[in-house]
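Engineer: Return atomic coordinates for the entry below.
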Amino acid sequence: FQSFDQSNFAARLMAMAKPVYNAVTTHMDSKNALIFVPSRRQAQLTAIDLMTYHDSRGGVPFVDNVTKDELVQAAASIKEPALQQVIEAGIGFVHAGMLQSDWQTVTALYNDGKIKILVVPAELCWKVRCV
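Structural biologist: Now for the predicted structure:
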């Protein structure tokens, strides 16, 4: 258990990013990770933070059963620029305002095990179908 004493909401969420990364890398093994966040904006920011922490440590992308070329091709089919970046690192995010084609691509990559981390706003917890 870890607590955060920041009273400002944004500062508290920023303080939680590194512990989330550490928890994911510690407990993930060969399984996928699903991370719930409070808002759609936070889904994007958390995915970018996870990618940044992972890149700073020189880690290989969070991928399995997929080549780098397949991820680049999948990222090229996505319209949202921030999502294109994180997909290549094996991380995805979804939110209610994204294009249906982007949603389907990201959830298919996650369900197929091609990306290992999916960040989702909490209000979509019943909409995301993960196997």
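
Engineer: so the closest residue to residue 6 other than its chain neighbours is in which element?
Structural biologist: Spatial nearest neighbour of residue 6, chain neighbours left out: residue 12 (4.2 Å); criterion: CB to CB, 6 or more residues apart in numbering. The C-beta positions use only the backbone N, C-alpha and C, and glycine is treated the same way. Element membership for residue 12 (DSSP states H and E) is helix 9-27.

Engineer: returning to what we had before: from memory the residue nearest to residue 6 sits against residue 38, does it?
Structural biologist: No: using CB atoms under 8 Å, residue 12 is not in contact with residue 38; the gap is 10.3 Å.

Engineer: And residue 67, how close does it get to residue 50?
Structural biologist: 21 Å (CB to CB, to the nearest Å).

Engineer: before we move on, back to that, off-centre distance for the helix holding residue 12?
Structural biologist: 12 Å (CA atoms, centre = their mean, to the nearest Å).

Engineer: Which elements pack onto that helix?
Structural biologist: Where contact means 3 or more CB pairs under 8 Å, 6 or more residues apart in numbering; DSSP states H and E, helix 9-27 is packed against strand 33-37, helix 40-56.

Engineer: And the contacts of it?
Structural biologist: 2, 4, 6, 33, 35, 37-38, 42, 45-46, 49-50, 53-54, 59, 117 (CB atoms under 8 Å, 6 or more residues apart in numbering).
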